[in-house]
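1. quick one, what's the 3D model for this:
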Amino acid sequence: STGGSVSLRAGQDVALTGTDVIAARDIDLSGRNVTVTPGHDVRRTTQTLEQKQSGLTIALSGSVGGALNSMVETVQAVSRESDSRLKSLAGVKAALSAGQGAQAARLAMAQREAAGAKTAAGGGEAGEQPQAVGVSISYGSQSSSSQQTRTQETVSGSSVTAGDNLRIRATEGDITVVGSQLKAGQDLTLSATQDIRLLSGANTQQTEGSNQSRGGSLGVSIGVSASGSFGLSVSASVNAAKGNLRGDGLTHTESLLTAGRTAVLDSGRDTTLQGAQVSAETITARVGRDLLVRSEQDSDRYDSKQQSVGAGVTIPIYGGGGGASFSFSRDKVHSNFDSVQEQSGLFAGTGGYDVTVGSHTQLDGGAIASTAGAD
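-> Here you go, the predicted structure:
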């Protein structure tokens, strides 16, 4: 109502869910039970990534092979370069690499001749010589996949806003407000035959993910040393990895009750503020049985595990030596976070508060406070 009042009176219950009620003057809600609750939004996203690759690799090694590799890389860089000055410099580098390759070949030949002369002169074996040139051919494949699912549930609270006075009455049962806002320009009154429950709404986020990868390669290597000795070997390697993660987050949307002048809470049995705040210049609470004021903690949980294993072996067929390797790693992360972001309570202004409880009052991180001076 943009200019008047709103009155909702039910013979049974009054239930507002994800609803806005606005009046320029007064709002009056009355029923056996009255509930003001939020709407819920749910979002679920799943992301999947898969990758596979395989191929044949041919590589040169040794002093001559290394120089040739450098020359090829430089020539490729020349073809990609657009700046004429840089292209000229790259061309000079390619020429130098070619010269280094020729020099390495002459050095290898000289070392071979020297080794032969030493053997002919009765000097015995010339000893192991460094590899002059080698060629390795290998075929490998690698695959990986990962998946992550995120589910978010958030509340969108109701609101009841009166320009003057807001009155809510539960004639036979309870008043329940969850994650919503009640506002009155003047006076706010909640009256329940049984309980008043002012609660927060829960926002949750859950993340789950997993990943895995595996791969391997087979290869053969042929090499010739400076002395002319020949070597042949085969090699194989495998690797695998897997991991998973899980995260859970919880936040709260508080119930907020505000009045410009006076707020009154009147319950025949219990009054509970759990994730709720009541603010007014003057607050009056009359509780027939127990009063509970409890602040709620936001929380975050995260756990992840990741492990990987790899192995490789080189077997000599002719000449040279072999070898083997193995690796394993495991990582774990565990994190917990809890914190109160908003304190629950009755917060009065200069008018102070008057709280009467029939049985028991309990404050769990809650507050009953005012800015009024001491009487």
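
2. can you pull out the helices in the stretch 151-300 of the chain?
-> Along the stretch 151-300 of the chain, counting by DSSP state H, counting those that start in this stretch, no stretch forms helices.

3. equivalent analysis for the stretch 1-150 of the chain, please.
-> If DSSP H, counting those that start in this stretch is used as the criterion, the helices of the stretch 1-150 of the chain fall at 62-80, 84-120.

4. can you flag the weakest of those helices by average pLDDT?
-> Among those, helix 84-120 carries the lowest mean pLDDT, at a mean of 49.

5. list the residues that contact residue 10.
-> Counting by Cβ atoms under 8 Å, 6 or more residues apart in numbering, residue 10 makes contact with 30-32. Where C-beta positions appear, they are placed from N, C-alpha and C, glycine not excepted.

6. hmm, try it at 6 Å
-> Counting by Cβ atoms under 6 Å, 6 or more residues apart in numbering, residue 10 touches residue 31.

7. so how far is residue 265 from it?
-> Distance, residue 10 to residue 265, by Cβ to Cβ, to the nearest Å: 21 Å.

8. likewise residue 165?
-> Residue 165 is 15 Å from residue 265, by Cβ to Cβ.

9. low-confidence ranges in the protein?
-> Applying pLDDT under 70 to the chain flags the ranges 1, 61-132, 226-228, 320, 374-375.

10. go again using 90 as the cut-off
-> In the prediction, the chain carries residues with pLDDT under 90 at positions 1-4, 11, 57-136, 221-233, 317-322, 372-375.

11. residue 361 and residue 343: what is the separation?
-> From residue 361 to residue 343 the distance is 16 Å (Cβ to Cβ).

12. count the neighbours of the residue nearest to residue 345 when sequence neighbours are not counted for me.
-> Ranked by Cβ to Cβ, 6 or more residues apart in numbering and with sequence neighbours excluded, the top spatial neighbour of residue 345 is residue 367, at 3.5 Å. Number of residues near residue 367 (other Cβ atoms under 10 Å) recorded here: 14.

13. just residue 22 next, same as before
-> Counted by other Cβ under 10 Å, the residues lying close to residue 22 total 14.

14. I'd say it and residue 161 touch.
-> Yes: using Cβ atoms under 6 Å, residue 22 is in contact with residue 161, at 4.9 Å.

15. more crowded one of residue 165 and residue 265?
-> Between residue 165 and residue 265, counting by other Cβ under 10 Å, residue 265 is the more crowded of the two (24 against 21).

16. was I right about the more buried one contacting residue 190?
-> Yes: using Cβ under 6 Å, residue 265 is in contact with residue 190, at 5.3 Å.

17. now do the shared contacts for these two.
-> residue 196.

18. what about stretch 11-29, start to end distance?
-> 12 Å (Cα to Cα, to the nearest Å).

19. so which bits of that stretch are buried?
-> 14, 16, 21, 23, 26-29 (16 or more other Cβ atoms under 10 Å).

20. before we move on, what about stretch 337-344?
-> 342-344.

21. work out the gap between that stretch and the centre of the chain.
-> 21 Å (Cα atoms, centre = their mean, to the nearest Å).

22. dump it to CSV, keeping only the CA atoms.
-> This file holds the C-alpha atoms of stretch 337-344, laid out as CSV (Å, rounded to 0.1, in the frame of the first residue of the first chain):
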residue,chain,number,x,y,z
PHE,A,337,37.6,-22.0,9.6
ASP,A,338,34.8,-20.9,12.0
SER,A,339,34.0,-17.3,12.8
VAL,A,340,31.0,-15.2,14.1
GLN,A,341,30.4,-12.4,11.6
GLU,A,342,27.2,-10.9,13.1
GLN,A,343,26.4,-10.9,16.8
SER,A,344,22.8,-11.8,17.8
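
23. wait, residue 346 touches residue 283, no?
-> Yes: look at residue 346 against residue 283 with Cβ under 6 Å: they come within range, at 5.1 Å.

24. shared neighbours, those two?
-> The contact lists of residue 346 and residue 283 share residue 353, where a contact means Cβ under 6 Å, 6+ apart.

25. what about the closest residue in space to residue 52 that isn't next to it in sequence, distance to residue 57?
-> Closest residue to residue 52 apart from its sequence neighbours, by Cβ to Cβ, 6+ apart: residue 143 at 4.5 Å. Distance, residue 143 to residue 57, using Cβ to Cβ: 17 Å.
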